[in-house]
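Engineer: Output the structure for:
(2 chains)
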Amino acid sequence: SQQGEEDPQALSIQEGENATMNCSYKTSINNLQWYRQNSGRGLVHLILIRSNEREKHSGRLRVTLDTSKKSSSLLITASRAADTASYFCATDEKGAQKLVFGQGTRLTINP
Amino acid sequence: EAGVAQSPRYKIIEKRQSVAFWCNPISGHATLYWYQQILGQGPKLLIQFQNNGVVDDSQLPKDRFSAERLKGVDSTLKIQPAKLEDSAVYLCASSLVAGSSYNEQFFGPGTRLTVL
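Structural biologist: Residues are numbered from 1 along each chain as shown, chains lettered A, B, ... in the order given. Okay, here's the model as predicted:
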């Protein structure tokens, strides 16, 4: 079963703009992770935020986590054509020892 | 450091045939995962190994899917017989340790299976 629900399902923006993707989940978690998948490739880990953290940065990425609302957002600033990919949130559920992935957001950056 | 290796990259078979996928995880990674990713969806965990023991196979269709991880390193996933709905990308991933609060997974490129 898939826990994360991502919103929007697809997003198309101009190069240089910021992209925001949201993820909601249902159960208690140890951490939440974001992955990127380029077309026809495997997934690449982007960033992990622990359940006791509220915000985390990595380069042009900013992730927030609101455990009271069971939601997270991924912000990509100053987008580039190379950011075109699908982005997935994955929750590390407490007691489950596994990641549960959402359906993903398909991001297109137009030059 | 070498990444997760998978083969073959592509496979086309007819329904009711058998197919096998191979995965070599990152050296030293205790945990290995097989995921099924249907087009337009997120990866769904099929089976998780820790060393050569199965941790979770609750979503593995055991009537047709089987997997093994001999000697706690390489792994094979088999489908016998295949159905049309098995068309998907099969992803292998590995992580250093499962059950810790930090569980980054490293993914291979996947095997794209088409069942005709």
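Engineer: By mean pLDDT, which helix or strand of chain B comes out lowest?
Structural biologist: strand B:53-56 (a mean of 90; mean pLDDT, DSSP states H and E).
Engineer: what sits against the nearest residue to B:Lys83 once chain neighbours are set aside?
Structural biologist: Distances taken as C-beta to C-beta, 6 or more residues apart in numbering or on different chains place B:Lys15 nearest to B:Lys83, at 5.9 Å, with adjacent residues excluded. For every residue, glycine as well, the C-beta is placed using N, CA and C. Contacts here follow C-beta atoms under 8 Å, 6 or more residues apart in numbering or on different chains; on that basis B:Lys15 touches B:81-84, B:115-116.
Engineer: By neighbour count, which of those residues wins?
Structural biologist: Among the contacts of B:Lys15, the one with the most neighbours (other C-beta atoms under 10 Å in any protein chain shown) is B:Ala82, at 23 neighbours.
Engineer: quick one, what contacts the one residue sitting closest to the centre of chain B?
Structural biologist: Residue closest to the average C-alpha location in chain B (C-alpha atoms, centre = their mean): B:Trp34, at 2.5 Å. Counting by C-beta under 8 Å, 6+ apart, B:Trp34 makes contact with B:23, B:45-48, B:67, B:75, B:77, B:90-92.
Engineer: Identify the spatial nearest neighbour of B:Tyr10, chain neighbours not counted.
Structural biologist: According to C-beta to C-beta, 6+ apart, the nearest residue to B:Tyr10 is B:Arg112 (5.1 Å).
Engineer: follow-up on the earlier one: filter the contacts of B:Trp34 down to the ones near chain A?
Structural biologist: B:45, B:48, B:91 (C-beta under 8 Å from any C-beta of the partner chain).
Engineer: counting contacts, what elements does the helix or strand hosting the last one pack onto?
Structural biologist: With the criterion set as DSSP states H and E, the secondary-structure element containing B:Leu91 is strand B:88-95. For strand B:88-95, the contact count by 3 or more C-beta pairs under 8 Å, 6 or more residues apart in numbering or on different chains; DSSP states H and E identifies strand B:5-7, strand B:19-24, strand B:31-37, strand B:75-79, strand B:106-107, strand B:111-115 as packing neighbours.
Engineer: export those strands to TSV and tack on distance to A:Cys23 and mean pLDDT?
Structural biologist: Below are those laid out as TSV (distance: least, C-beta to C-beta, whole Å; pLDDT from 0 to 100):
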stretch	distance to A:Cys23	mean pLDDT
strand B:5-7	27	97
strand B:19-24	27	97
strand B:31-37	17	95
strand B:75-79	28	98
strand B:106-107	19	93
strand B:111-115	26	97
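Engineer: Quick check: A:Gly16 vs chain B, distance?
Structural biologist: 28 Å (C-beta to the nearest C-beta, to the nearest Å).
Engineer: returning to that earlier point: now do the contacts for the residue nearest to B:Tyr10.
Structural biologist: B:Arg112 touches A:40, B:9-11, B:88-89, counting by C-beta under 8 Å, 6+ apart.
Engineer: among those, which ones are buried?
Structural biologist: Among the contacts of B:Arg112, those classed as buried by 16 or more other C-beta atoms under 10 Å in any protein chain shown are B:11, B:88-89.
Engineer: Of those, which is the nearest to chain A?
Structural biologist: B:Val89 (8.5 Å; C-beta to the nearest C-beta).
Engineer: which ones are touching A:Tyr25?
Structural biologist: A:3-5, A:32, A:70-72, A:89, A:91, A:100, A:102.
Engineer: where does it land on pLDDT?
Structural biologist: Note on A:Tyr25: pLDDT of 94.
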